[in-house]
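Student: Need a 3D model of the sequence below.
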Amino acid sequence: MAESAALVIVDVQNDFCDLPSSSLPVTGGVAVARDVDEFVTLAGAGYDRIAATRDWHEDPGDHFSDDPDFVDTWPHHCVAGTDGAAFHPDLSVDAVDAVFSKGRFSASYTGFDGATDDGVLLGDWLSSAGIARVDVVGLATDHCVRATALDAAKAGFRTRVLLPLTAGVAPETTEAAIEELTGAGGDAGRQRQQHPGTEPGFRRVERSRPHAVVGGEADD
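Tutor: Next up, the predicted model:
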């Protein structure tokens, strides 16, 4: 019997995409929105469930700052009900089975903090559907993708990050996140190329491996 699988699309929202209006743009974010949309169109039928997470901040306390350090504090972003919190328009959510909102009243990086409007948590939703494997895509590799994938593995799901369908904020933290996720260490799979049009210091990281298995080497 085939293993039940879910796709989790992490935070592909306007404020995280490289748009003039974005408050926390990730270079390559718009390309990720388009690529994930194409992937869902072509391969979405292979998943038993598709979920999308989103930052949905109402009053997250000191997560917001007018003088952010970009480690623990950040500019205002993804404020609930604003255009910045909306999914990027190039990402259709028609095939998404459920949306999980996180960070209403505190900082939150993992989609496993997220809940539906009915209060169902992502982990409970996946478990109730009998999901065994989770594939994670979205933004950003070194922040919410990382946290969501680590928590998926901790929850007992066999977890992969589909690296070509992600983008990181900075190359150093993205590389560190991938090494943490895979536990591979060394120089395995370090080939990358700069995505066309990116600015120096920020790039969409392309990997020689199509995905990373959390806690182990990539499989076929």
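Student: after the top strand by length along the chain, next one along is what?
Tutor: Criterion DSSP state E: the longest strand present in the chain is strand 158-167. Next helix or strand after strand 158-167 toward the C-terminus (DSSP states H and E): helix 171-182.
Student: buried stuff in that following helix?
Tutor: Buried residues in helix 171-182, counted by 16 or more other Cβ atoms under 10 Å: 171, 174-175, 177-182. To be clear about C-beta, it is placed using only N, CA and C from the backbone, and glycine gets the same treatment.
Student: what helices or strands is it leaning on?
Tutor: Contacts defined by 3 or more Cβ pairs under 8 Å, 6 or more residues apart in numbering; DSSP states H and E place helix 171-182 against helix 146-154, strand 158-167, strand 212-213.
Student: and these as a markdown table, adding mean pLDDT and distance to residue 68?
Tutor: Formatted as a markdown table, these follow (pLDDT from 0 to 100; distance: least, Cβ to Cβ, whole Å):
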| stretch | mean pLDDT | distance to residue 68 |
| --- | --- | --- |
| helix 146-154 | 94 | 18 |
| strand 158-167 | 94 | 20 |
| strand 212-213 | 68 | 29 |
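Student: Pipe the ones you listed into JSON lines and attach mean neighbour count and distance to residue 115 per row.
Tutor: JSON lines is the format used below for the helices and strands packed on helix 171-182 (neighbours: other Cβ atoms under 10 Å; distance: least, Cβ to Cβ, whole Å):
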{"stretch": "helix 146-154", "mean neighbour count": "23", "distance to residue 115": "14"}
{"stretch": "strand 158-167", "mean neighbour count": "25", "distance to residue 115": "20"}
{"stretch": "strand 212-213", "mean neighbour count": "24", "distance to residue 115": "27"}
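Student: Distance to residue 40 added to those, as TSV?
Tutor: Output for those, formatted as TSV (distance: least, Cβ to Cβ, whole Å):
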stretch	distance to residue 40
helix 146-154	17
strand 158-167	10
strand 212-213	20
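Student: close enough to count as contact, residue 98 and residue 115?
Tutor: No. Using Cβ atoms under 8 Å, residue 98 is not in contact with residue 115, being 9.8 Å away.
Student: anything in contact with each of the two?
Tutor: Common neighbours of residue 98 and residue 115 are not found (criterion: Cβ atoms under 8 Å, 6 or more residues apart in numbering).
Student: and residue 38, which of the three is it?
Tutor: helix (DSSP: H, G, I helix; E, B strand; the rest coil).
Student: From residue 92, how far out is it?
Tutor: Distance, residue 38 to residue 92, by Cβ to Cβ, to the nearest Å: 10 Å.
Student: Please report phi then psi for residue 156.
Tutor: phi 100, psi 0 (degrees, to the nearest 10).
Student: Likewise for residue 42?
Tutor: phi -80, psi -40.
Student: how about it, what does it touch?
Tutor: By Cβ under 8 Å, 6+ apart, residue 42 has no neighbours at all.
Student: Quick check, pLDDT for it.
Tutor: Turning to residue 42, the model gives it a pLDDT of 95.
Student: How about residue 210?
Tutor: 59.
Student: just the one 10 residues further on next, same as before
Tutor: In this model, residue 220 is scored at 45, pLDDT.
Student: No further queries at this time; thank you.
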